[in-house]
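Trainee: Structure of the sequence below:
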Amino acid sequence: MALITLSQMHLAYGDVPLLDGADFSLDTQERVGLIGRNGTGKSSLLRVLAGLETADGGVRQVRQGLRIAYVPQEAAFDPEARVDDVVSEGLAYVKGWIDAYTRGEGDLATLQNEIEIHQGWNWAQRVDETLQRLRLQGDARMGSLSGGTAKRVSLARALVTVPDVLLLDEPTNHLDIASIQWLEELLLDFRGSLVTISHDRTFLDRVVTRMVELDRGRLQSYPGDFSRYQALKAEQLAQEVVIQAKADKLLAQEEIWVRQGVEARRTRSQSRVRRLEQLRAQRTARREIAGRVKFGLDAGGLSGKQVAVLDEVSHAFGDKVIAHRLSATIMRGDKVGLVGPNGAGKSTLLKIILGELEPDAGRVQRGTQLQVAYFDQGRSALDPEATLEHFISPGSEWIEIGRQRKHVRAYLADFLFSPARAHSPLRSLSGGERNRLLLARLFARPANVLVLDEPTNDLDIDTLELLESLLQEYEGTVFIVSHDRSFLDQVVTSTLVYEGDESQPGLWREYVGGVQDWLTQSQRTARAEPSRDVARRAPTPPPEPAAPKARKLSYKEQRELEALPEQIAALEAEQQGLRAQLADPDIYVRDPQGAAQLHQRDAEIEEALMAALERWEVLGS
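Mentor: Residues are numbered from 1 along each chain as shown. Prediction:
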């Protein structure tokens with residue numbers, strides 16, 4: 001039985017339908033990734049699932065006694081509140097029952113039963129265990145926490161309830177890479193069901209078992225992780241284009257027929273007229289695919305060949321060491337990613353590189369003719385009362401990008417802002433729309449050095465992929481502070497990583513390539529260093545004996561080896577057919593129990609395939 005089911009859900013804000021007859025079903029131990037364009041209503045859908053928002057129409061069914069925990073994208077906390085008090089708020093209902101039972105109020109037998117079902121007598125122990133698991137200090141004040149630690153507190157408040165369903169809205173925002181990897185492991189160990197909104201593609205690939213896309217008011221389901229979704233989505237869009245082209249051609253032919261002369265109209269088929277009316281209605285009701293953002297960058301004039309040369313640079317704020325004896329050379333056209341935990345000093349290091357801050361020691365030689373443009377993660381440049389039009393081009397209706405002159409409203413349309421919104425105040429924008437507007441203003445100015453501080457927060461996946469393509473083709477120099485591993489891997493040519501600790505504070509190392517290259521190189525270095533230490537201490541080992549000859553297979557093993565290719569092919573064929581069934585979104589509404597069984601069988605086949613392939617490798621070697 002499904003845990004939560006939505007049937008024919010309708011939700012609109014003004015004239016914009018966010019949910020248009022949407023259907024959804026969540027099964028036991030499913031991990032669903034919810035994606036879609038900014039402003040399509042993903043957060044509203046999550047709140048509908050949580051029961052915190054009521055849809056305009058449709059049916060929401062929830063299994064009796066189901067415990068649902070919801071973690072919003074941005075939670076508001078009392079800055080003076082202690083962390084342990086905030087976490088224990090998740091068990092407020094249990095503490096209420098215990099207080100009522102202690103005072104002898106209400107039906108004591110019922111209260112005792114509820115407390116025992118929810119394991120309420122040991123609620124304080126559960127809070128302590130959750131704080132330990134999420135590495136939180138219970139006596140810390142909320143106002144002293146970073147954004148990433150505050151996100152952990154929100155998660156702890158949800159997990160302490162031991163929920164059956166966990167609903168997460170952008171859980172990786174404000175988390176550094178180490179914290180994101182920790183969160184991935186936490187969610188993989190979570191025994192309940194999960195629905196998460198995220199644009200972190202690596203996170204989705206690691207965590208989810210099914211992707212659901214909110215597209216033009218409908219929910220489309222795709223089995224597997226994000227990479228699998230991309231392949232299935234490409235096939236679906238290609239089929240949709242062909243079907244719509246055929247429908248448009250048929251409609252055009254029927255429109256010509258119905259406009260024939262008077263004699264033809266007297267004898268025309270009424271069934272054909274009714275079909276024409278149906279085709280017109282279908283064409284009118286069709287919701288087109290939303291347009292794509294159109295980015296363009298003016299790289300300005302060329303900077304000097306060397307952008308910055310750092311020689312033994314050191315800097316500190318009080319006891320906090322930001323950098324210690326850092327040397328690096330950044331050339332024109334380099335795309336440098338800065339990676340490190342929150343509070344390591346990535347933004348400060350950028351200011352030192354670009355001349356906004358002088359180091360305590362060492363020397364920075366900066367290049368000539370630098371034109372720097374900043375993307376600020378704090379959105380400090382945003383005046384909430386300013387209009388979109390004024391923000392992009394104050395005092396003028398026109399902007400110039402390179403040699404092209406463009407009206408500001410046409411330029412806003414390139415970033416998916418309709419002309420009607422040109423006079424809207426910035427406070428009316430969602431988080432993703434604000435980031436998109438900041439990018440629009442950034443790209444409207446010529447620059448040969450781009451500084452992007454957390455540019456990927458709140459951006460939808462389509463916009464992220466387009467931004468990646470643009471930066472790959474950009475001829476200037478780029479500095480990127482980001483925790484989005486896929487984005488960095490696609491864009492940067494080198495990665496500057498903070499690897500400082502108590503013994504070596506302020507230590508930065510440079511790696512060629514992106515995050516995955518850094519992880520691979522650092523793992524090799526970690527493996528090599530102990531072996532070098534051992535080699536220096538240990539005596540020369542005796543020569544290794546010759547490798548033993550390959551063992552001859554028994555008759556039974558030889559027959560097993562011969563049968564394995566056919567067995568593997570059969571399993572792969574069954575899995576392909578099964579996943580084709582799961583690709584149909586209607587199955588989750590029509591037969592949720594059958595869908596769950598198909599998911600279970602898919603997992604069994606995957607295990608059987610891995611075992612068969614490993615056995616084939618053993619017998620064939």
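Trainee: need the helix or strand of the protein with the lowest average pLDDT.
Mentor: Within the chain, confidence by mean pLDDT, DSSP states H and E is lowest for helix 262-266 among all helices and strands, at a mean of 48.
Trainee: What separation do you get for residue 430 and residue 358?
Mentor: The gap separating residue 430 from residue 358 is 39 Å, by Cβ to Cβ, to the nearest Å. The way it works is simple: take the backbone N, C-alpha and C, and place the C-beta from them, glycine included.
Trainee: Excluding sequence neighbours, find me the nearest residue to residue 581.
Mentor: Nearest in space to residue 581, with sequence neighbours left out and distances taken as Cβ to Cβ, 6 or more residues apart in numbering, is residue 598 at 6.0 Å.
Trainee: Which helix or which strand is home to that neighbour?
Mentor: In this structure, residue 598 is located in helix 592-620 according to DSSP states H and E.
Trainee: now for that helix, which elements pack on it?
Mentor: Counting contacts by 3 or more Cβ pairs under 8 Å, 6 or more residues apart in numbering; DSSP states H and E, helix 592-620 packs against helix 555-582, helix 587-590.
Trainee: Give me whichever of the ones you listed is most buried.
Mentor: The highest mean neighbour count among the helices and strands packed on helix 592-620 belongs to helix 587-590 (a mean of 18), with neighbours defined as mean count of other Cβ atoms under 10 Å.
Trainee: Report the distance from the helix holding residue 598 to the chain centre.
Mentor: Mean C-alpha position of helix 592-620 versus that of the full chain (Cα atoms, centre = their mean, to the nearest Å) differs by 28 Å.
Trainee: returning to that earlier point: export the helices and strands packed on helix 592-620 to JSON lines and append columns for mean pLDDT.
Mentor: Conversion of the helices and strands packed on helix 592-620 to JSON lines gives the following (pLDDT from 0 to 100):
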{"stretch": "helix 555-582", "mean pLDDT": "80"}
{"stretch": "helix 587-590", "mean pLDDT": "69"}
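Trainee: Pipe those into CSV and attach distance to residue 25 per row.
Mentor: Putting the helices and strands packed on helix 592-620 into CSV (distance: least, Cβ to Cβ, whole Å) gives the following:
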stretch, distance to residue 25
helix 555-582, 12
helix 587-590, 4
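Trainee: do you know which of these lies nearest residue 436?
Mentor: Ranking those by distance to residue 436, with Cβ to Cβ as the measure, places helix 587-590 first at 31.8 Å.
Trainee: ok, back up a step: nearest to residue 337, of the helices and strands packed on helix 592-620?
Mentor: With Cβ to Cβ as the measure, helix 555-582 is the member of these nearest residue 337 (35.2 Å).
Trainee: chain center to that closest one: distance?
Mentor: Distance of helix 555-582 from the chain centroid (Cα atoms, centre = their mean) equals 35 Å.
Trainee: do stretch 505-517 as well
Mentor: For stretch 505-517, the gap between its own C-alpha mean and the chain's C-alpha mean amounts to 23 Å (Cα atoms, centre = their mean).
Trainee: Return the set of buried residues in that stretch.
Mentor: Of the residues in stretch 505-517, those with enough neighbours to count as buried (16 or more other Cβ atoms under 10 Å) are 506, 507, 508, 509, 511, 513, 514, 515, 517.
Trainee: of all those, which comes closest to residue 324?
Mentor: For the buried residues of stretch 505-517, the minimum distance to residue 324 (Cβ to Cβ) is 3.3 Å, reached by residue 506.
Trainee: for that closest one, phi and psi?
Mentor: Backbone dihedrals for residue 506, given as degrees, to the nearest 10, come out at phi 80, psi 20.
Trainee: If you count contacts, what does the host helix or strand of residue 110 end up packed against?
Mentor: Taking DSSP H and E as the criterion, residue 110 maps to helix 108-117. In this structure, helix 108-117 makes packing contacts with helix 92-103, judged by 3+ Cβ pairs under 8 Å, 6+ apart.
Trainee: And residue 39, how far from residue 458?
Mentor: With distances defined as Cβ to Cβ, the gap from residue 39 to residue 458 amounts to 11 Å.
Trainee: So which of the helices and strands packed on helix 592-620 is nearest residue 74?
Mentor: Nearest to residue 74, of all those, is helix 587-590, at 30.1 Å by Cβ to Cβ.
Trainee: ok so, going back, what's the overlap in contacts for residue 39 and residue 458?
Mentor: 430, 432 (Cβ atoms under 8 Å, 6 or more residues apart in numbering).
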